[in-house]
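> Got a sequence here, can you build the structure:
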Amino acid sequence: MTLLVQITDTHIVERGTLLYGMADTARHLAESVIQINAMRPRPDAVLITGDLVEHPGPVTYSHFRDLIEPLEIPVYLMPGNHDDPGIMCKYFCDTGQFPAGGPHYQYAIEDFPIRVLMLNSHFDNSELPFFGPRRLEWLERTLSESDKPTLIAIHHPPMKTGIEFIDMVGETWFREIGRVIERHPQVLKIICGHGHLDLNGQL
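Numbers count the residues shown, from 1 in each chain. Prediction:
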């Protein structure tokens, strides 16, 4: 059995400040790290599914890096709409936590009985998702490489949520993902972030 922990939308800000002047996101993440380290049985890995920081830059990513450093198990990262994949790569690509690289910033985790595909729905300077032809080609090619049971992780929910600011982009982008996945029955589940609430649905 593979035991994975998902954290999403940590929205870390500069040290000593609060998100929107109210939320101590650094404390929440630090407490999550403590709880994860105490879990028994011990999880195999942590997946952090985007919006690592509120404003991407050296100050916030170094703060985020310091907060996750005490984790005693592997951690894998992906960008959300608040992130900058290029800056993320400078901090995390060499650590194995974001082994993606450009231009797609997507990668497969092959270390467990299930395979995990970390997809990138980031769209520069936008809250909206983007999953264009090259990212779709990567997904098709990577799924075709193995019939191992697979979990897909992506930041934006690939479904209708009933939330206007999330659904305003329409369904085309995730319907195209769905058409790829239909050809690959080894995909078991998709997990996502972005919405800041619990959502369940079917692609």
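> quick check, residue 190 in a helix?
No. Read with DSSP: H, G, I helix; E, B strand; the rest coil, residue 190 is strand and lies in no helix.
> How many neighbouring residues does the residue nearest to residue 140 when sequence neighbours are not counted have?
Using Cβ to Cβ, 6 or more residues apart in numbering and skipping residues adjacent in sequence, the residue nearest residue 140 is residue 180, 5.2 Å away. (Glycine included, C-beta is placed from N, CA and C.) When neighbours are defined as other Cβ atoms under 10 Å, residue 180 has 18 of them.
> any idea how far residue 180 is from residue 139?
Distance of residue 180 to residue 139, computed by Cβ to Cβ, to the nearest Å: 5 Å.
> give the contact list for the residue nearest to residue 140.
136, 139, 140, 143 (Cβ atoms under 8 Å, 6 or more residues apart in numbering).
> Next step: those residues restricted to helices.
136, 139, 140, 143 (DSSP state H).
> Does the first one touch residue 177 like I think?
Yep, that's residue 136 we're talking about. Yes. Contact status for residue 136 versus residue 177: in contact at 7.1 Å, counting by Cβ atoms under 8 Å.
> Compare the two (neighbour count), which wins?
residue 177 (21 against 16).
> Verify the stated contact: the more buried one with residue 171.
No. At 10.5 Å, residue 177 and residue 171 do not qualify as touching, with contact defined as Cβ under 8 Å.
> for the residue nearest to residue 140, phi and psi?
Main-chain torsions, residue 180, degrees, to the nearest 10: phi -70, psi -50.
> Quick check: it vs residue 68, distance?
Residue 180 is 31 Å from residue 68, by Cβ to Cβ.
> Is the spatially most central residue of the chain bridged to anything, and to what?
The chain has residue 49 as the residue nearest its centroid, 2.1 Å off, counting by Cα atoms, centre = their mean. Here residue 49 sits in beta bridges with residue 78, going by DSSP bridges.
> Help me confirm that it comes into contact with residue 153.
Yes. Counting by Cβ under 8 Å, residue 153 is a contact partner of residue 49 at 5.3 Å.
> For residue 142, give its distance to residue 116.
11 Å.
> Kindly report the same for residue 190.
The separation that residue 190 has from residue 116, given Cβ to Cβ, amounts to 11 Å.
> quick one: common contacting residues for these two?
In contact with both residue 190 and residue 116: 151, 152, 153, using Cβ under 8 Å, 6+ apart.
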